[in-house]
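1. I need the structure of the sequence given here:
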Amino acid sequence: MLKDDQIVWAIHQMEADIGPVGPSLDSRTPFQYLISVILSAQATDVSVNKVTPVLFEKYPEPKDLMAADVADVEAIIKSVGLFHNKARNIIKTARIVHEELADVVPTDRKGIMALPGAGRKTANVVLSDVFEQPTFAVEHVSAISKRLHFVAQTATPLQVEQKIVSVLAPAELHQAHHTMIEYGRKYSMKLTPDKEVCQLIIDCDKLNEENEALI
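-> Numbers count the residues shown, from 1 in each chain. Model prediction:
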């Protein structure tokens, strides 16, 4: 695997390639962003952005969504997949945010993870993108972290998160997360070494081989 300083170098190389990049989910309020992130589980941001304009036009606030008919919400979000569970979860979340939290989205990981449909990834994304806290969400970056030898191929999402958080300065985590997502979209992480065209991946393969030879 790569050494800590080599991981930082690789992430900085990605940032130089991709340039400035930020969140790709569309929303107008912290609540809407929370709902968008819940909907993005096992779905692309593009697919979520296609349904949320209709969803938020009809149900813009927690009090609106909590009173929605589940069948109507399912019809709106059907294209994002897992829509039965997601519809129920976002309606339940809206009710909790309105009735128990006075329409305020929690600003801590534990509080967000207590909401239906919101796991650690959802919490980290919301905390980073909405509240500018130094968290790192792993979904969509596990594959690139493994391909570039940041972590072992058997690493869990939590282990990937812990590795990135341990090597980067807190202020760098937000940008690194979005950069790695875009880098994974630009370059395939599934090419075999003999067909690889991405210079950074080639360089990381070489660094990994050199590091392994020293063990």
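2. what is the neighbour count of I181?
-> 20 (other Cβ atoms under 10 Å). From N, CA and C alone the C-beta is placed, and that goes for glycine too.
3. that one reaches S142, doesn't it?
-> No: the pair I181 and S142 does not pass the contact test of Cβ atoms under 8 Å, sitting 11.1 Å apart.
4. any idea which helix is longest in this protein?
-> Looking across the chain with DSSP state H, the single longest helix is helix 83-99.
5. buried residues in stretch 10-21, which are they?
-> For stretch 10-21, a neighbour-count test (16 or more other Cβ atoms under 10 Å) marks 10-11, 13-15, 18 as buried.
6. try stretch 41-52
-> By neighbour count on 16+ other Cβ under 10 Å, the buried set for stretch 41-52 is 41, 43, 45, 48-49, 51-52.
7. inside helices: which ones of the residues you listed?
-> By the criterion of DSSP H, membership of those in helices covers 45, 48-49, 51-52.
8. mind putting those residues into JSON lines with distance to Q175 and pLDDT?
-> Formatted as JSON lines, those follow (distance: Cβ to Cβ, whole Å; pLDDT from 0 to 100):
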{"residue": "D45", "distance to Q175": "17", "pLDDT": "92"}
{"residue": "V48", "distance to Q175": "21", "pLDDT": "97"}
{"residue": "N49", "distance to Q175": "21", "pLDDT": "97"}
{"residue": "V51", "distance to Q175": "27", "pLDDT": "98"}
{"residue": "T52", "distance to Q175": "24", "pLDDT": "98"}
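9. could the residues you listed go into a markdown table alongside distance to A176?
-> Formatted as a markdown table, those follow (distance: Cβ to Cβ, whole Å):
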| residue | distance to A176 |
| --- | --- |
| D45 | 17 |
| V48 | 22 |
| N49 | 22 |
| V51 | 28 |
| T52 | 25 |
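10. tell me the one among the buried residues of stretch 41-52 nearest to S79.
-> V51 (6.2 Å; Cβ to Cβ).
11. let me see the contact set for that closest one.
-> 39, 76-77, 79-80 (Cβ atoms under 8 Å, 6 or more residues apart in numbering).
12. which one is it nearest to, not counting chain neighbours?
-> I77 (5.0 Å; Cβ to Cβ, 6 or more residues apart in numbering).
13. residues near that neighbour, how many?
-> When counting by other Cβ under 10 Å, one arrives at 25 neighbours for I77.
14. do I have it right that it meets N89?
-> No: if you go by Cβ under 8 Å, I77 and N89 don't touch, sitting 10.7 Å apart.
15. which of the ones in helices among the buried residues of stretch 41-52 sit farthest apart?
-> D45 and V51 (11.4 Å).
16. ok so, going back, going by distance to V167, which of the ones in helices among the buried residues of stretch 41-52 wins?
-> Nearest to V167 among these: D45, at 25.7 Å, using Cβ to Cβ.
17. measure the closest one to N85 for me?
-> Distance, D45 to N85, by Cβ to Cβ, to the nearest Å: 19 Å.
18. equivalent analysis for P30, please.
-> Distance check for P30 against N85: by Cβ to Cβ, it reads 23 Å.
19. show me what counts as buried in stretch 48-67.
-> If you call a residue buried by 16+ other Cβ under 10 Å, then stretch 48-67 has these buried ones: 48-49, 51-52, 55-56, 59, 62, 65-66.
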